[in-house]
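Enquirer: structure, please.
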Amino acid sequence: METLEAQNRYKILTATVTPRPIAWVTTLSVSGVINAAPFSFFNVMGHEPPTVAIGLLAGAQRFKDTAANILETGEFVVNLVAERNAEAMNITCIDAPPEIDELELAGLTPAASQAVRPPRIAESPVSFECRVLASLVTGPRQTVVIGRVVRAHVDDAVIMDRERCHIDTQALRLIARMHGSGWYARSAELFQIDRPTWAAWQEKNSETTPA
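Expert: Numbers count the residues shown, from 1 in each chain. Model (predicted):
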């Protein structure tokens, strides 16, 4: 990897680390302009405190407006992408100038957040209001941002038990990023494997070991 050109390193990583969840990030610029863009170098990093990480990549000239806003204001909202949001999410990928509100461009509805200034996307089934905990420059054109989740919003339609925080994950119908240009995956054809315990493992092997 150390001898490959950057574009080829990118191809290897994005073609193999799949599917990747999508952070559909909304931010607010210092001048008050809403920006939205999807990022697939993203995941949750822990729950005490609840944290998420986003890899921000700069283009040939500068960071995307959304990424620049995160670094300047320290606040952002991660909205998750349902299958019904795919076309609108794709519109927000557009290379619009900084003064353009991508939510308006995509016909999306901003919804007021509770603890941060940037709005949520009303059409998204899940939104996390975040404040920047730390940012780490990992290269001349990339920065990793760690955000603390201070509020979580989940569509009432997918909540199975509010008190126990049980959510119908399959009903969210989230999509994920795949390989190459424009490829995505639906969250279908799931399978389940029970996690083993050491006690059960020992018991099973003692039963099959000949005396």
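Enquirer: can you show me the strands along this protein?
Expert: Ranges of strands in the chain, per DSSP state E, are 20-21, 23-28, 34-39, 42-47, 50-57, 75-79, 110-111, 120-121, 126-139, 142-154, 159-161, 166-167, 175-177, 184-186.
Enquirer: other SSEs contacting the fifth one?
Expert: Yep, that's strand 50-57 we're talking about. For strand 50-57, the packing partners by 3 or more CB pairs under 8 Å, 6 or more residues apart in numbering; DSSP states H and E come out as strand 23-28, strand 34-39, strand 42-47, helix 65-73, strand 126-139, strand 142-154. In this view, the C-beta of every residue, glycine as well, is placed from N, C-alpha and C.
Enquirer: what residue ranges in this protein are flagged as low confidence?
Expert: Along the chain, segments meeting pLDDT under 70 span 60-61, 208-211.
Enquirer: so what's the residue nearest the centre of it bridging to?
Expert: Centroid-nearest residue in the chain, with CA atoms, centre = their mean: Ala23, separated by 2.4 Å. Judged by DSSP bridges, the bridge partners of Ala23 are Phe39.
Enquirer: please look at it and Pro38 and confirm they touch.
Expert: Yes. Judged on CB atoms under 8 Å, Ala23 makes contact with Pro38 at a distance of 6.9 Å.
Enquirer: related to what we said a few turns ago, contacting residues for the residue nearest to the centre of the chain?
Expert: By CB atoms under 8 Å, 6 or more residues apart in numbering, the contact set of Ala23 is 38-40, 42, 52, 54, 78-80.
Enquirer: please tell me how far it sits from Glu99.
Expert: Here the criterion is CB to CB, to the nearest Å. By it, Ala23 lies 23 Å from Glu99.
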